[in-house]
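> When you get a sec, could you give me coordinates for this:
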Amino acid sequence: MDRKLRNRILLYLALAGVLAYAGIRFSERKPVPKISAVMPMRENLVSSISSNGKVEPLAPYVMRAQLDTFVESVRATEGQTVKKGQVILELDVKEVAAKLSEAKSKLLRAQDDLSAAKAGGRTDEAAKVAGDLGKAQAERERLQKNHDVLLRLIARQAATQEDLAANDLALTKAQAEVTRLSAAKQEFDRSVRLDTGQAVLHVQQIQSEVAALEEKVRQGRITAPTDGTLYSLGRSAELTPLKAGDYVRVGDLLAEMADLHKVRVRAYIDEPELGALEPNQAVRITWDALPSKTWVGKTETVPKQVVPHGSRSVGELLCAVNNDKLELLPNINVNVSINSRERLGVLSVPRGAVAAEGGRRYVFVVRRNQLSVSKSTLEKREIHVGIADATRYEVVSGLQEDDLVALPGDVDLRDGMTVTVITTEVFNFQERRNG
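Here you go, the predicted structure:
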């Protein structure tokens, strides 16, 4: 190799070395991303399901109008606590009361007819039928005796054949009259038996009519069937609570009441969360109208089917809730939180530190750089998680208590990235646990 070629090669190598050195120096000056990190902590985790629901009375009493009429007076107000038998409102039942009086008069007449039918018919009619038959039978017997006497007299030539013929003609007529009146009495007796059956039915029909009218008259006074809270009065045409003078029709709602010391909350749980539900799980209820209040209860009936609810597909979970101060009102919308699962003393990390990829969960663990005290390297590590609450995941495997986990910030974290840890939040977690 000639001298010029060798010198050129050496020059190129020197330039490459200078460029490599300059690159290394430049890279060392490039700013290293600064991150925050946290150490996993052992804590008690409670997994909860949050949704919305509606308050319902456990055993409501619904009172409806039994007749078309006007409201005469209103004796209670919505939200009022009432005692059993207390009058809530009164309806105008004057027309019904008049019909009831007329029906009772009809019942008395029908009962008289029934008594007469059971006694064999009207006394005068029965006496006439029996009397006519008795007279005809007596006349027939008299003529029969005359027939026998005339036969003996003719034998002694004391009477003629003409006398016997006249008597026998009269006897034939008398027998025919007895036959006719006997048939008439049988028909009368049959009609009496029919009249008795009809009279019984007639009395029963009028008794039913009287009972129905009496019930309507009683329904004119709407009273509380038990102790409880009157949470709803019927609405007038103007959608205001009923007042005196309003018109109501049969079936119209007059009042609703119940014992509201315990209520039911119908919670609408989204389909993916139904698998975590069980009976007797703790429930917390909040209401936006009283944001500082919380009511507690438990789950009772777990959904057996999914139904549409607006744009959602939900199961309807029934919860029993204590309402000692009667603050939860029927039909209000509430917020529902269900503690579905609890783990004690489990290793946990913030939810924000856990990422998902292809159905797997992973975190970035901070590894100290042996060449630089101030710099660290990120390691992407798969973990397995258990339950979660609003802010944390349970770590089942993949992390130790002394690991340091990177928290997301202004830069996208990646495996092998060089970073500088500026803060750790282990003390914040420790304070929260001690607090």
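> Only C-alpha atoms from now on, for both contacts and neighbour counts.
Will do.
> Skipping its backbone neighbours, what lies nearest L151 in space?
In this structure, L151 finds its nearest non-sequential neighbour in L164, 7.4 Å apart by C-alpha to C-alpha, 6 or more residues apart in numbering.
> Tell me where the model's unsure across the protein.
1-14, 16-30, 113, 116-127, 129, 187-197, 199, 236-239, 370-373, 425-435 (pLDDT under 70).
> Show me where it has its helices.
3-29, 94-118, 123-155, 161-219, 426-434 (DSSP state H).
> just to revisit the earlier point, ok, now how distant is the residue nearest to L151 from Y231?
To Y231, L164 is 100 Å away according to C-alpha to C-alpha, to the nearest Å.
> cool, and P272?
Taken as C-alpha to C-alpha, the span from P272 to Y231 is 35 Å.
> Looking only at neighbour counts, state which of these two leads.
Y231 (21 against 10; other C-alpha atoms under 10 Å).
> residues contacting the more buried one?
78-80, 255-258, 329-330 (C-alpha atoms under 8 Å, 6 or more residues apart in numbering).
> Name the nearest residue to it, sequence neighbours excluded.
G79 (4.8 Å).
> swap in R360?
Per C-alpha to C-alpha, 6+ apart, closest to R360 is E382, 7.2 Å.
> Who is the one you found paired with across the strands?
Y362 (DSSP bridges).
> State the distance from it to V365.
From E382 to V365 the distance is 10 Å (C-alpha to C-alpha).
> Tell me, how many residues neighbour the residue nearest to L151?
Neighbour tally, L164, other C-alpha under 10 Å: 19.
> Pretty sure it sits against R152.
No. Using C-alpha atoms under 8 Å, L164 makes no contact with R152, being 10.6 Å away.
> Show me how the chain divides into domains.
30-46+344-434, 49-58+260-341, 63-93+221-257, 101-206 (automatic domain parsing).
> can you pull out the strands in the stretch 201-350 of the chain?
221-223, 228-233, 247-248, 253-258, 262-270, 282-287, 290-301, 307-309, 312-322, 333-350 (DSSP state E, counting those that start in this stretch).
> Relative to L100, which of those is closest?
Shortest distance between L100 and the strands of the stretch 201-350 of the chain, using C-alpha to C-alpha, is found for strand 221-223: 16.0 Å.
> Strand partners (parallel or antiparallel) of the closest one?
For strand 221-223, pairing defined by DSSP bridges yields strand 87-91 (antiparallel).
> If the residue nearest to the spatial centre of the chain is in a bridge, with which residues?
Geometric centre of the chain, nearest residue: E56, 7.3 Å, by C-alpha atoms, centre = their mean. Beta-bridge partners recorded for E56 (DSSP bridges): R264.
> who's in contact with it?
E56 neighbours (C-alpha under 8 Å, 6+ apart): 263-266, 329-331.
> now the farthest one out in the protein, which residue is it?
Farthest-from-centroid check, the chain (C-alpha atoms, centre = their mean): Q157, 107.7 Å.
> and the gap between that residue and D163?
12 Å.
> what does T229 give?
Relative to D163, T229 is positioned 101 Å away (C-alpha to C-alpha).
> residue contacts, the residue nearest to L151?
L164 touches 147, 150-151, counting by C-alpha under 8 Å, 6+ apart.
> quick one, what contacts K104?
V210.
> my read: I222 touches V87, true?
Yes. Applying C-alpha under 8 Å as the test, I222 and V87 come out as touching, 5.9 Å apart.
> Which one's more surrounded, these two?
Set side by side, I222 and V87 show more neighbours around I222, with 21 against 16, by other C-alpha under 10 Å.
> Phi, psi for K243 please.
phi -140, psi 170 (degrees, to the nearest 10).
> Could you give the number of residues near the residue lying closest to it once chain neighbours are set aside?
In this structure, K243 finds its nearest non-sequential neighbour in V74, 6.0 Å apart by C-alpha to C-alpha, 6+ apart. For V74, the count of nearby residues is 18 (other C-alpha under 10 Å).
> K84 now?
Applying other C-alpha under 10 Å, I find that K84 has 11 neighbouring residues.
> Was I right to think it contacts L230?
No. K84 is beyond contact range of L230, at 11.4 Å (criterion: C-alpha under 8 Å).
> Spit out the contact partners of the residue farthest from the centre of the chain.
No contacts exist for Q157 under C-alpha under 8 Å, 6+ apart.
> Pull up the gap between the residue nearest to Y231 and E72, please.
21 Å.
> One more: Q305?
Taken as C-alpha to C-alpha, the span from Q305 to E72 is 46 Å.
> Same question for E141.
With C-alpha to C-alpha as the criterion, E141 and E72 are 76 Å apart.
> higher neighbour count, these two?
E72 (18 against 15).
> thinking that one is in contact with I88, fair?
No. Judged on C-alpha under 8 Å, E72 makes no contact with I88 at a distance of 11.4 Å.
> residues touching T424, list them.
Contacts of T424 by C-alpha under 8 Å, 6+ apart are 36-39.
> how about the residues you listed in JSON lines, adding neighbour count and distance to V396?
Output for these, formatted as JSON lines (neighbours: other C-alpha atoms under 10 Å; distance: C-alpha to C-alpha, whole Å):
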{"residue": "S36", "neighbour count": "17", "distance to V396": "23"}
{"residue": "A37", "neighbour count": "22", "distance to V396": "20"}
{"residue": "V38", "neighbour count": "24", "distance to V396": "17"}
{"residue": "M39", "neighbour count": "22", "distance to V396": "15"}
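> Nearest spatial neighbour of S182, chain-adjacent residues omitted?
L133 (6.5 Å).
> Check E90 too.
R221 (4.6 Å).
> Next, the contact list for the nearest residue to S73 once chain neighbours are set aside, please.
Closest residue in space to S73, ignoring its immediate chain neighbours: A244 at 4.8 Å, by C-alpha to C-alpha, 6+ apart. Counting by C-alpha under 8 Å, 6+ apart, A244 touches 70-74.
> Give me the distance between the nearest residue to E209 once chain neighbours are set aside and T69.
Nearest residue to E209, sequence neighbours excluded (C-alpha to C-alpha, 6+ apart): A103, at 7.1 Å. Distance, A103 to T69, by C-alpha to C-alpha: 20 Å.
> sorry, back to before: pretty sure the residue nearest to E209 contacts S208?
No. Checked against C-alpha under 8 Å, the pair A103 and S208 is beyond contact range at 9.9 Å.
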